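>>> Pasting the sequence and the predicted coordinates here, then a few questions.
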Amino acid sequence: MKNAVAEIVTFALADTVKSADFVEISKGTETFVRSLPGFVHRQLSEGEDGKWTDYVIWDSMEAAKSAAEAFMKAECAGALMTAIAPDSVNMRHENVLWKMAA
């Protein structure tokens with residue numbers, strides 16, 4: 001994974017959305033995300049403070065940025081975006097410099 005890129009999105013849920021419901025909504029994007037060129041891995045976590053992190057690995061910066069653009073236009077993204085508090089979103093792309101395997 002020499003040129004891998006991490007897409008890291010942190011956010012809070014909208015007030016009316018429960019954690020278990022958000023996980024199910026996120027699963028609804030799986031087929032679309034898997035179909036995008038350069039997809040490697042994705043994981044979703046919730047911190048003790050209620051903040052969430054969606055962590056996606058892409059095989060290049062080009063794939064990551066293209067995927068972010070495509071996702072915003074995808075039909076499956078609507079429910080996900082509605083479930084997130086809009087002012088809480090922070091997205092960044094970072095080059096993966098080292099990976100420690102299990």
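In hand now; what should we look at?
>>> Let me know the pLDDT of Ala102.
With respect to pLDDT, Ala102 scores 86.
>>> element containing Glu75?
Assessed by DSSP states H and E, Glu75 sits outside every helix and strand.
>>> ok, now Met72?
Per DSSP H and E: helix 61-73 holds Met72.
>>> Let's see that helix as PDB, backbone CA atoms only.
Below are the C-alpha coordinates for helix 61-73, written out as PDB (Å, rounded to 0.1, in the frame of the first residue of the first chain):
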ATOM      1  CA  MET A  61      -5.100  10.500  -3.500                       C
ATOM      2  CA  GLU A  62      -6.800  10.600  -6.900                       C
ATOM      3  CA  ALA A  63      -9.100   7.700  -6.000                       C
ATOM      4  CA  ALA A  64      -9.900   9.300  -2.600                       C
ATOM      5  CA  LYS A  65     -10.800  12.700  -4.000                       C
ATOM      6  CA  SER A  66     -12.800  11.200  -6.900                       C
ATOM      7  CA  ALA A  67     -14.700   8.900  -4.400                       C
ATOM      8  CA  ALA A  68     -15.500  11.800  -2.100                       C
ATOM      9  CA  GLU A  69     -17.000  13.700  -5.100                       C
ATOM     10  CA  ALA A  70     -18.900  10.700  -6.300                       C
ATOM     11  CA  PHE A  71     -20.300   9.900  -2.900                       C
ATOM     12  CA  MET A  72     -21.900  13.300  -2.500                       C
ATOM     13  CA  LYS A  73     -23.900  12.700  -5.700                       C
END
